[in-house]
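Visitor: Here's my sequence, what's the structure:
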Amino acid sequence: MPYVPTSARILPGRSQKRIVHIWCQHCEHSLLFSVTLRQNGVVCAGIFTDCEYEDAKRLLFGDKISVDDVISVHAALQFDNFLEMR
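Guide: Predicted structure coming up:
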């Protein structure tokens, strides 16, 4: 399998913690990494995801999930065809 370059972008932020979005052109999936600078070193954690950079920005910095949102999702999950509901 040939080398395929990735695309890495840092999400906006001004703290000691940075979120990095990396997209692989080969598999078309992404990684979200949290990188935090500490006195005694760097702490890093990551997850595989299918979200794009703009999705990550919206999810991290957009409107927060409300109690009403959670109740609506809970109610929708009670139906067998909840994936088809819009």
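
Visitor: and the end-to-end length of stretch 12-31?
Guide: End-to-end distance of stretch 12-31 (Cα to Cα, to the nearest Å): 16 Å.

Visitor: same deal with stretch 21-40?
Guide: By Cα to Cα, the extent of stretch 21-40 from end to end equals 24 Å.

Visitor: Ok, stretch 46-55 next?
Guide: First residue to last in stretch 46-55 (Cα to Cα) measures 16 Å.

Visitor: what comes up buried for that stretch?
Guide: Applying a neighbour-count criterion of 16 or more other Cβ atoms under 10 Å, one finds 51, 53 buried in stretch 46-55. Every residue, glycine included, has its C-beta placed from N, CA and C.

Visitor: again with stretch 29-45
Guide: Residues of stretch 29-45 classed as buried by neighbour count (16+ other Cβ under 10 Å): 30, 32.

Visitor: Run through who's touching it.
Guide: Residues outside stretch 29-45 that contact it (Cβ atoms under 8 Å, 6 or more residues apart in numbering): 16-24, 46-53, 56.

Visitor: 7 Å - rerun?
Guide: 16-23, 46-52, 56 (Cβ atoms under 7 Å, 6 or more residues apart in numbering).

Visitor: what ranges do the helices span in the chain?
Guide: 53-61, 67-76 (DSSP state H).
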